[in-house]
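**Q** model this:
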Amino acid sequence: YSDSGFNNSTLLGDTLADYYDQGGYVVIATFANASVPIGGRFLNGGYMLIQTGGQEQPNDALGVIAEPNSPLVKDFKVLTATSAYRSTGGAINGGVVVASWNSGKPLIVRGVVKGRNIVSLNCYPPSNGARADFITGDVAALLRNALLFR
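**A** Residues are numbered from 1 along each chain as shown. The predicted model follows:
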């Protein structure tokens, strides 16, 4: 994730695609999948699971968990944000929405790229411990599950 643009988003995207192609795992979150996206092959090669472009930050909370038995939602029951920073886009490249914000926007999207699992989070991951309007709730479980998803 990021909070501002990348120094060289094309080089970063090419490097992440190379890393993923060589067996590494990548989790993308806002704003790297929103208003200041990763570029290069990662953006244009079918790795992104959430359409980039715009961002919004409404008050929102965890909505529907479409796949309640998914390892991506283990110990994940509560999430709220005064400013739910996220992409305005929907799932792309075969991405499957595992959980949504209450507003219906995707929150957790999983997919398969080049035969391997990948996940994208449509939220800005820092908790309200960093700033009062950031997300609260089961943030640690959300991040842990995404990072361990295979």
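**Q** ok, now which ones touch Leu147?
**A** Contact criterion Cβ atoms under 8 Å, 6 or more residues apart in numbering gives 25, 27 as the residues in contact with Leu147. To be clear about C-beta, it is placed using only N, CA and C from the backbone, and glycine gets the same treatment.
**Q** which SSE is it in?
**A** Using DSSP states H and E, Leu147 falls within helix 139-148.
**Q** which strand residues sit across from the most centrally placed residue in the chain in the sheet?
**A** Nearest to the centroid of the C-alpha atoms of the chain, with distances taken as Cα atoms, centre = their mean, sits Leu121, at 1.7 Å. Taking DSSP bridges, one finds Ala29, Ile108 as the beta-bridge partners of Leu121.
**Q** correct me, but it touches Phe31?
**A** No - using Cβ atoms under 8 Å, Leu121 is not in contact with Phe31; the gap is 11.5 Å.
**Q** Report the set of residues contacting both of these two.
**A** Going by Cβ under 8 Å, 6+ apart, residues that sit against Leu121 and also against Phe31 are Tyr1.
**Q** How about Glu56: what's its closest non-neighbour residue?
**A** Thr88 (5.4 Å; Cβ to Cβ, 6 or more residues apart in numbering).
**Q** Same question for Gly45.
**A** Leaving aside its sequence neighbours, Gly45 sits nearest to Ala17 (Cβ to Cβ, 6+ apart; 5.7 Å).
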